[in-house]
Each structure stands twice: as C-alpha cells, then as structure tokens.
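Student: give me a 3D structure for the following:
(2 chains)
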Amino acid sequence: MSVDKDTVRRIAKLARLAVPENRLEPMAGELNGIFQWVEMLGEVNVEGVPAMTSVVAQKLKWREDKVSDGGQADALLANAPEGEDHFFVVPKVVE
Amino acid sequence: MSELTAMTLAEARDAIKAKKISSRELTGAFVKAIEAARPLNAFITEAGEQALAMADASDKRIAAGKTGALEGLPLAIKDLFCTKGTRTTAASKILGNFVPPYESTVTQNLWDAGAVMLGKTNLDEFAMGSSNETSAFGPVFNPWRARNSNANLVPGGSSGGSSAAVAADLCLAATGTDTGGSIRQPAAVTGRVGLKPTYGRCSRFGIVAFASSLDQAGPMTKTVRDAAIMLGTMASVDAKDSTSVDLAVPDYEKLLEGGIKGLRVGIPKEYRIDGAPAEIDALWSKGADWLKAQGAEIVEVSLPHTKYALPTYYIVAPAEASSNLARYDGVKFGYRAKGARDITDLYEKSRGEGFGAEVQRRILIGTYVLSAGYYDAYYSRAQKLRSLIKRDFEQAFEKCDVLLTPTTPGPAFGVGAKTADPVEMYLQDVFTVTVNLAGLPGISVPAGLTENGLPLGLQLIGKAFDEATLLRAALAVETAADFKHSPAKWWSV
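Tutor: Predicted coordinates:
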C-alpha cells in the first residue's frame, strides 16, 4: 500500500494537523518508508489469534459512582491560553 | 565535593542515616554539579532553590527522627512526570509553559519518602525517540566520549536527560519512562542501570501519556541495589490509575540477597541479529558465562515472533499516541497559535506549530492505521501480533526464570548520525521493545566497554511482577561485570 500526497493531506485533516503544502510530498515519502517496513507483518498467519486487549491479566477496578473532587475552576483555568470569568475563550465556532 | 556526588543512592542514604552528612550538604553539591554541567543540556528546568528548601525540610525531619525510605536524597525527574507548581514540558513546544496543578503519583511517592527534587530532565519530545534529539529544548550530550575523540554522542532516549544526569553524577538517581526501551537503552549507552517494571507496577497517573498500553515508569540508577531501593518507593497500588495492579510492593532491596544458584537463564536465539557488532555477541556470551559461574543454568529458548515486534510497535504506539495527543488543541492548556480564522484553524495551526517533526510523523501514522478501511489491515493485525509476541514469552518462561539479551544493537552513536532515516533510529529498540509489548519487566546492567571505550549493557527480562528475581539476576551480572568506569568530566567549566 502506498501513501501519496493526497492521502497525507487527508489524514493530516483527520488529525487536525496543519502540514504545509511543501511538506506533503516529503512526508508521504517518510511514511511510505515506514509502511513498507511494516508490511512484513502481512507474512504472519494470524488466523484465530485473539487481538490483545490487556497486556496483564486483570479485571478493571470498580469504584463507587460519586464525586471525589471538584470546585477547581481556578486550577483548571490556570494554564488556559485565553480565559475569562471561568470560561475558556476560543474563536467563533458558529457563524 | 566530588566524593558526595559520586556516591550511590544506598551509600548516601546510609551516610545521611548515620548523620555523617546533611541533606543540605548533599543537595548543595548536586546543585553546583548541575550548574557546571549545563553544556550537557541534561535539564530542561533546574530547581536549585526549591531543592535546597526541600533539603532543609528534610534535615528538620531527620533531626526530629521522622525519616522516610529516601530521606534527604536528591533525585532528577524526567520532564514527563507532572510536578505541582513546576513546569512540565514533555520536551514539547506545545507544553512549553505548562505548570501542572497536580503531582504524578510516582513523584508524590518519592516526596512522601523524603526525597529532594533537583530538577526536570530533558527527553525526546513526548518520549518519542531514541537519542534525545527530538526535544524542543535541544539535544542532550552523552557524558561519555569515544577514546581520543571530542565528538558529541547521544545519551540514548527517550530518557536521555535522566541517563546523562545519572552518568555525570548530577543526581543520585533519576526517574525515567519506558514505552519501547526509553529507560533501558539510554541507561545502556551511558553505562548505568535502567529498570522498566512490569506494566501496572508503577502508577501512570500524572505522567504525560504517549502510548498508554506500553508506558511504564521506572528508575535509572548507578547500581542494581539503587534500582531496587527506588522501585520500592516508586511502585504503588493507585486508585487514580485503573491499570495499576493490586499487588503489595515487596521489599526489593531485601530480596536482592540469596544469589542465583539454580536460576534458569534463557538465551533467546532470535536476538542474534545480522550486522550486530561482534562486541555485542561477545559480551552476551560473557554474560551467560558469568551467570553460569554463579550457579545458574543456561538454557536456549526461542521467541519466534521477535522480528515482528518493532513493526508491531510502530503501529500500536503511534495509534495510541495519535489518540492521546488529540487533547493538545490550544484551548484548555498548552500552546495556542496566533491569528486563527476559526476553531478548526486554531486546532490545526496550534498542533502544526506546537508539535515537532517526529511527533507529527507518529500522529499521522497513528491516524492512518486507525482510519476507516485500514484498521483491520494494520491496527487489528498488530494487536494479534502482540498476542503472539506475549505467547512467545509465556512459552519461553516455562523453561526459564529470566532471559538474558543485549540491551542495544550498539554503543552510543554520534549526534545527527541517525536522524535522516526514521526506521534506522527505530532499530535502536530492537532488543527492548518486545518487553513492552508483552508487559514484562526488563533491566539493563552496564557490562563492559567497547574497544573505543564506550559502555554497553546487558538486558535481563523477567516474568510479570517478578522484579525480585529479575533484580537478583541483575545483581549477579553487576557483580561479575564489576563495571567501575565513569566518563571523564570534559563538560565542567
């Protein structure tokens, strides 16, 4: 499978990553190098092999469904690039 | 003051306990050493003043007779662990000004035990790299240089700042994280000890996530004993991490005793790779002889899917990374690009400007392998391969108790030597990555020098949650190797 410039543009869009036009072609080349190497996985017969879901055998823990923390608006906003009165400020979302 | 910084963690602990030195004296010596070692670029954030204040508080506790397991001992923390009130960057521009309002569980455990924080160490951006060259804060230089050479070498990665700091005596020990080899490989190429515990042994809470099913914190130290001491405090059962396993933390230091008589050591034949330097093979054989001489039984084992581990990793890890790193969008925290037209533009520009080249590459790989139409061919297949790789280990461990392998395919390489071809850089982790995929504990122990005078490590791999046996075997390698070398202090100004 080969990745071209348009594919890079499409996945960059999916990843919400601005990749400049002049970087699309070189990036396609880099990704192809990696995908060609990964192709070797195709030679393994994985018929009937279960996909791994957890690397150590353990049950996910349960806890009581109750609020254990909160009231931390100032701490939450402390690292915001832009905030106002306990709100995160972003550019216009809806026209 | 050089004697103070050259001490092991255990020696410093005993000296403080015996009131031969104060934490203030010890911490002061490290703060000075760190300042003198700035050419190495091992630290992103130095915390000298804060460290001295922590040391004073520790000395007060010592005077009052209330001491913890790491009382007064100065440590360096990889800048991937959130530290409350101290900038935590993950070596990325996108987190360049991030000051966490909370503390990671591992570091909290260290401070609760009385340890002192010297600063935050450099790393590959978001821990993605094997040479510390992808850091937005510049590369770290290995304290080691080849004999008769002034060329700068990489300290390994991603925990390259931590490995350099331990090797250059800038801390008693450091924390690292290991997703594909990021503790063991840098420890090996700087001649020190690096331990990746079993997945679930140390809490991941408060560690900036890279690939959540593979990430694990661990210690980087001067000796195996120090690794045992550090792990005893770093490990815990934590309600804040649902993958933290409910198992009491044993006294790893005490369990070091007892020797390795009758221990079955497996040698996986697939780890003999074409093109590896003869020195690596020779050291590996020597390691097996050392263990045999101490009463271990050497058995040949097979891990047939070894060669598929790295390509499997380069699907699983980027897939998880692309999902984990979706949170960096320039809205709630982190870098925000200027002049965005609308919200989508804000996301795309902030991420495009905030992430470096290697991180972008991995986000794109991850997005691709998870995208509609490719999921089955890549991600789903990789997860099946991961099951096979884990099964290999389970079958091998029916015949042995630990495995012995080289840690890296070679010694430290030159800065810039492997940046042109991503796959060549990825091959650094060929011996370490299998362990992450199978969730097992692994440790690298310094075992010898190349002809050029550069350190090489041997890796031991243990059964899940059997760090005690792993450490005991590592101690046997360490004792036999008797590695006493340290780099010349060329960086001191």
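Student: where does residue 88 fall, phi/psi-wise?
Tutor: Looking at chain A here, since you left the chain open. Dihedral angles of A:Phe88 (phi, psi; degrees, to the nearest 10) stand at phi -80, psi 130.
Student: not what I meant, chain B
Tutor: phi -130, psi 110.
Student: swap in B:Gly339?
Tutor: Dihedral pair for B:Gly339: phi 70, psi 30, per degrees, to the nearest 10.
Student: how about B:Arg341?
Tutor: Main-chain dihedrals, B:Arg341, degrees, to the nearest 10: phi -70, psi -40.
Student: with adjacent residues omitted, what lies nearest to it?
Tutor: Spatial nearest neighbour of B:Arg341, excluding adjacent residues (C-beta to C-beta, 6 or more residues apart in numbering or on different chains): A:Pro91 at 7.2 Å. C-beta coordinates here come from the backbone N, C-alpha and C atoms, glycine included.
Student: how close does the one you found get to B:Thr5?
Tutor: 51 Å (C-beta to C-beta, to the nearest Å).
Student: test my guess that the residue nearest to B:Arg341 contacts B:Leu346.
Tutor: Yes. Counting by C-beta atoms under 8 Å, B:Leu346 is a contact partner of A:Pro91 at 5.5 Å.
Student: tell me which of the two has more neighbours.
Tutor: In this view A:Pro91 and B:Leu346 are compared by other C-beta atoms under 10 Å in any protein chain shown, and B:Leu346 has more residues nearby, 23 against 13.
Student: the helix or strand harbouring that one - contacts with which helices or strands?
Tutor: For B:Leu346, the element it lies in under DSSP states H and E is helix B:343-354. Helices and strands touching helix B:343-354, as assessed by 3 or more C-beta pairs under 8 Å, 6 or more residues apart in numbering or on different chains; DSSP states H and E, are absent.
Student: now the element after that helix, going C-ward?
Tutor: Downstream of helix B:343-354 (by DSSP H and E), the next one is helix B:357-370.
Student: list the buried residues for that next one?
Tutor: Neighbour counts using 16 or more other C-beta atoms under 10 Å in any protein chain shown place B:358-370 of helix B:357-370 among the buried residues.
Student: kindly report the same for stretch B:483-493.
Tutor: B:Phe483, B:Ser486, B:Pro487, B:Trp491.
Student: tell me which residues are up against stretch B:280-298.
Tutor: B:259-265, B:267, B:271-272, B:404-406, B:408-410, B:447-448, B:456, B:458, B:473, B:476-477, B:479-481 (C-beta atoms under 8 Å, 6 or more residues apart in numbering or on different chains).
Student: please redo it, this time with the cut-off set to 6 Å
Tutor: B:260-261, B:263-265, B:404, B:406, B:447-448, B:456, B:458, B:476-477, B:480 (C-beta atoms under 6 Å, 6 or more residues apart in numbering or on different chains).
Student: same check on stretch B:407-414?
Tutor: If you take C-beta under 6 Å, 6+ apart as the criterion, stretch B:407-414 is touched by B:142, B:151, B:153-154, B:184-185, B:188-189, B:276-277, B:430, B:444, B:450, B:454, B:456-457, B:459.
Student: now list the buried members of those.
Tutor: Neighbour-count burial (16+ other C-beta under 10 Å) applied to these gives B:142, B:153-154, B:184-185, B:188-189, B:276, B:430, B:444, B:450, B:454, B:456-457, B:459.
Student: chain A: which of the residues you listed is nearest?
Tutor: B:Val430 (12.3 Å; C-beta to the nearest C-beta).
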